[in-house]
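# quick one: sequence plus predicted model below, questions after.
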Protein chains: 2
Amino acid sequence: MNPATANIEEAILSAILAGRINPGTRLGEQKLADLFGVSRTRVREAMMRLETRGVVQVSARRGWYVVEPSAEEAREAFQTRRIIETGLLHSLREVPPDVLKSLKEHVAMERDAIGAGDVHSRACLLGDFHIHLADALGNRMLTEIIRDLTARTTLISMLYQPTEKAEESSHDHEDIVAAMEAGDLAGAARLMDEHIGKVEAGLDLTAKPDPLAGLRALLSPAAFAGNAPSVPHTHVHPQDHSHSHSHGHPATKED
Amino acid sequence: MNPATANIEEAILSAILAGRINPGTRLGEQKLADLFGVSRTRVREAMMRLETRGVVQVSARRGWYVVEPSAEEAREAFQTRRIIETGLLHSLREVPPDVLKSLKEHVAMERDAIGAGDVHSRACLLGDFHIHLADALGNRMLTEIIRDLTARTTLISMLYQPTEKAEESSHDHEDIVAAMEAGDLAGAARLMDEHIGKVEAGLDLTAKPDPLAGLRALLSPAAFAGNAPSVPHTHVHPQDHSHSHSHGHPATKED
DNA sequence: GCTTACAGGCTTGTATACAAGATTGTCGCC
DNA sequence: GGCGACAATCTTGTATACAAGCCTGTAAGC
C-alpha cells in the first residue's frame, strides 16, 4: 500500500483508539490534505479504507465523519467482541510463557498510566490489552479484526459512557491474565465475557444517540420558557459540526 | 456509499465467493472500468475497499491481483474462522425456531445444488451457510467479518484443495443444525470446530504456494524432453488470464 | 415580525491528463 | 547462436480541474 495513505489511515485510527478524536468529528478532505501535506486523492483513499473498516462515514457532499454508533450498533459491537474474544480464549490449549510475561507487563503499564492520570495513554492501553491478546497468538487477521472492533467500542464508550472505570477494567485484565496463568482458559473466557459485559453495562445506551442530547437535557426540565431567551435557533448550531465538539467533550460525564 | 462502486465491490466479492474468480487473477483497472461502464476512479475505489477487506492486493504499477494466501495465511484464516464461529455458537443460549427453519432450508438447498452438479452454486452455498448462521443472529458486523473470512478460505481452497468434498461439508452442516435444534450448543460448537478442521485438513498446504505448480508437475517426471514439443508456452497461458499472473511471489517453493 | 425564496460559498464527486515504473519484444554485439 | 541493452507499450500513481449538491446568510414578501 501507499506509505502516505497508510500513514493517514493509521494516524486517524490511532487517534481514535487513544480517544483523541471524538465521534461525530468532521474530517474535511482538504483540511487533512493540508495537514498531511498531500493531495485530496490520498486523503480520500485513506477515508474510504477507514469507511470499510467501520470507523468513519461519508455524508454525501457534506464530508467525512467519525462514526457515532447507534445503540443497536453498540450492542452488536459488544456482542461481536464477546464472541470473538471468548472464542479466542476457548481455542487456546495453553499459553506460552512469553505471552504471559508480555501480558503482565501490559497490565503493569495500564496501572502506571492510570496512576499517572494520563487519560489518552490510559484509554489506548486499556483497548490495546485486547489487541495485544490476539497479537500474542500470532494471528494478524484476528488482530486486525479486534483492532477495528476496539476502535468502535472506544467511540461507543465516548458517546455513551457516563462513568469511566479504568481501574476496574485494568483489574479485570489482571484477573484474566491470572486465570490464563493458572491454565484455566475456560475461566479466563468467562472472566472476559463478564468483563466486556461490565463495560457494556456501564454504558447508558438510552441516552445519547443524537447530538442534541445536551440540548435536550436543557429542554426537558421545562425551564425552556424560563429565562434563557431565544435558545433554539441560536444555540442549535453554535458553529458547525466540525468545531462544535472539537475538544471539550470528555468533560461532560457523570453529574 | 456510491452505488456504482458498491456494485463493483459486491460483484467481485460475490464472484470470489462463488469460485468464479481464481486466486492470482489480474484485475486491470481499465478493463474493469470498461466492463462496468465507469471510469477508473470508481474501480480504484472498489479495489482499495477490497484490499482493505483482504481479498485483493495491488502490485505497484503492475496491477491488482486476487490474493493468493500463503500457507501461513491459510492457517490463520482457518484459525480465525474456528475461533469466531465456535465463539458464536457458544454465545447462544437458544436458537429461535425461525433461524432453525432457515438453516434447514439452506442445507436443503446445498443438497440440491450438489445433486444438480452446479459447481458455482454449490461453492457459494457451502460458504454461505456460515455467513447465514451469523446473519441469523441479526449481527451485521459479525456477518461482514465472516463473509470476508469466507472469501479468503474459498480462495485458499481453490489454491490448495486437491479434492472437493462437498457432500461431506453439507453433511457436517446438517449435523451442526441438528445439534442446534437439540439445544446442544456446545456440541454444535464442537462439530463446527471439527468441520472447519476437516476442511483445513483436506488441504495440501505444502503444495501450491506458487503459480508454477502445474508446470512444475510437468517438469518433475523428467518427461520434458520426451515428446511434447514446446509444451511450456502453450500451457502456461491456457486462456486469456490477461497475462501470466506470475507476479513474483517471494514464497515460491518449499522443497 | 415572521416566513420563504434565493444566491453565494464551501465541500465532496468524478473524470481526465500526465508522470513514473514495469514488462516485453527487438536489435545489436560478442 | 546466445546474451545483454534499449525502446515501445501498457499499467498504475497522483494531481488537478470542473461539476453537482448542501448549508448558510440575506433579502424580499406577507
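Okay, I see it.
# so who does residue A:198 touch?
Going by Cβ atoms under 8 Å, 6 or more residues apart in numbering or on different chains, residue A:198 touches A:165, A:168, A:172. For the C-beta atoms, the positions are set from N, CA and C on the backbone; glycine is no exception.
# is chain B within reach of stretch A:5-17?
No. Stretch A:5-17 lies out of reach of chain B by Cβ under 8 Å from any Cβ of the partner chain, never closer than 8.6 Å.
# wait, does that stretch contact DNA strand C?
No. Shown here: stretch A:5-17 not in contact with DNA strand C (Cβ under 7 Å from any atom of the strand), separated by at least 13.4 Å.
# derive a PyMOL selection command for the buried subset of the contacts of residue A:198.
In PyMOL, this line selects whichever of the contacts of residue A:198 come out buried by 16 or more other Cβ atoms under 10 Å in any protein chain shown:
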select buried, chain A and resi 172
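# looking at the contacts of residue A:198, which is nearest DNA strand D?
DNA strand D lies nearest to residue A:165 out of the contacts of residue A:198, by Cβ to the nearest atom of the strand, at 36.2 Å.
# which residues does the closest residue to that closest one other than its chain neighbours contact?
Nearest residue to residue A:165 in three dimensions, chain neighbours excluded: residue A:202, at 6.1 Å (Cβ to Cβ, 6 or more residues apart in numbering or on different chains). For residue A:202, the contacting residues are A:161-163, A:165, by Cβ under 8 Å, 6+ apart.
# please identify which two of those are farthest apart in space.
A:162 and A:165 (10.4 Å; Cβ to Cβ).
# just the helices in the stretch 101-250 of chain A please.
A:119-136, A:140-160, A:166-181, A:185-201, A:213-219, A:231-236, A:241-244 (DSSP state H, counting those that start in this stretch).
# hmm, the third one touching chain B?
So the one you mean is helix A:166-181. No. In terms of Cβ under 8 Å from any Cβ, no part of helix A:166-181 sits within range of chain B; the closest distance is 15.5 Å.
# list the buried residues in that helix.
Buried, per 16+ other Cβ under 10 Å, within helix A:166-181: A:166, A:169-170, A:172-180.
# got it, and the first one?
Within helix A:119-136, the residues scored as buried using 16+ other Cβ under 10 Å are A:119, A:121-136.
# and the longest one, by the same measure?
Burial within helix A:140-160, assessed by neighbour count using 16+ other Cβ under 10 Å, is assigned to A:141-160.
# repeat for stretch A:93-100
Quick answer for stretch A:93-100 (16+ other Cβ under 10 Å): A:95, A:99.
# that stretch close to chain B?
No. If you take Cβ under 8 Å from any Cβ as the test, stretch A:93-100 misses chain B, and the best it gets is 12.5 Å.
# show residues contacting that stretch.
With Cβ under 8 Å, 6+ apart as the criterion, stretch A:93-100 contacts A:136-137, A:177, A:180-181, A:183, A:185.
# also within reach of DNA strand D: list those from those.
Counting by Cβ under 7 Å from any atom of the strand, no member of those reaches DNA strand D.
# in the stretch 51-200 of chain A, which residue sits nearest chain B?
Residue of the stretch 51-200 of chain A nearest chain B, by Cβ to the nearest Cβ: residue A:87 (2.3 Å).
# and the pLDDT at that residue?
If you check residue A:87, the pLDDT there is 97.
# relative to helix A:119-136, how tilted is whichever strand or helix holds it?
Element membership of residue A:87, judged by DSSP states H and E, is helix A:71-91. Counting by axes from the mean of the first three to the mean of the last three Cα atoms, to 10 degrees, helix A:71-91 lies at 50 degrees to helix A:119-136.
# check which helices and strands helix A:71-91 is in contact with.
helix A:119-136, helix A:140-160, helix A:185-201, helix B:71-91, helix B:140-160 (3 or more Cβ pairs under 8 Å, 6 or more residues apart in numbering or on different chains; DSSP states H and E).
# which of those sits closest to DNA strand C?
Closest among the helices and strands packed on helix A:71-91, using Cβ to the nearest atom of the strand: helix A:140-160, at 19.2 Å.
# in stretch A:47-66, what's buried?
A:47-56, A:58, A:63-66.
# just curious, which of these is nearest to DNA strand D?
residue A:63 (9.0 Å).
# got the residues of chain A near chain B?
Near chain B, when you scan chain A using Cβ under 8 Å from any Cβ, you find A:1, A:45, A:48-49, A:51-54, A:58, A:73, A:76-77, A:79-80, A:82-88, A:90-91, A:139-142, A:145, A:149.
# check those residues against DNA strand D, which are close?
Counting by Cβ under 7 Å from any atom of the strand, no member of the residues of chain A next to chain B reaches DNA strand D.
# now do the same for residue A:253: its pLDDT.
Reported pLDDT for residue A:253: 33.
# ok, now residue A:226?
41.
# need the contact list for residue A:15.
residue A:21.
# which segments of chain A make up each domain?
Per automatic domain parsing, the structural domains of chain A span A:3-66, A:71-201.
# can you tell me the SS state at residue A:21?
Following DSSP: H, G, I helix; E, B strand; the rest coil, the label given to residue A:21 is coil.
# isn't it right up against residue A:13?
No. Residue A:21 lies out of contact with residue A:13 (Cβ atoms under 8 Å); the separation is 9.4 Å.
# for stretch A:30-39, give the mean pLDDT please.
94.
# pull the contacting residues for residue A:9.
Residue A:9 neighbours (Cβ under 8 Å, 6+ apart): A:46, A:49-50.
# how about CSV for the residues you listed, with distance to DNA strand C added?
CSV is the format used below for those (distance: Cβ to the nearest atom of the strand, whole Å):
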residue, distance to DNA strand C
A:46, 12
A:49, 14
A:50, 13
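# among those, name the ones in helices.
A:46, A:49-50 (DSSP state H).
# could you export the helices of the stretch 101-250 of chain A to a markdown table, including columns for mean pLDDT?
Supplementary listing: the helices of the stretch 101-250 of chain A in a markdown table, determined by pLDDT from 0 to 100:
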| stretch | mean pLDDT |
| --- | --- |
| helix A:119-136 | 94 |
| helix A:140-160 | 96 |
| helix A:166-181 | 97 |
| helix A:185-201 | 97 |
| helix A:213-219 | 61 |
| helix A:231-236 | 33 |
| helix A:241-244 | 36 |
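# want to throw the ones you listed into JSON lines with distance to residue B:102?
Formatted as JSON lines, these follow (distance: least, Cβ to Cβ, whole Å):
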{"stretch": "helix A:119-136", "distance to residue B:102": "31"}
{"stretch": "helix A:140-160", "distance to residue B:102": "25"}
{"stretch": "helix A:166-181", "distance to residue B:102": "36"}
{"stretch": "helix A:185-201", "distance to residue B:102": "27"}
{"stretch": "helix A:213-219", "distance to residue B:102": "38"}
{"stretch": "helix A:231-236", "distance to residue B:102": "45"}
{"stretch": "helix A:241-244", "distance to residue B:102": "41"}
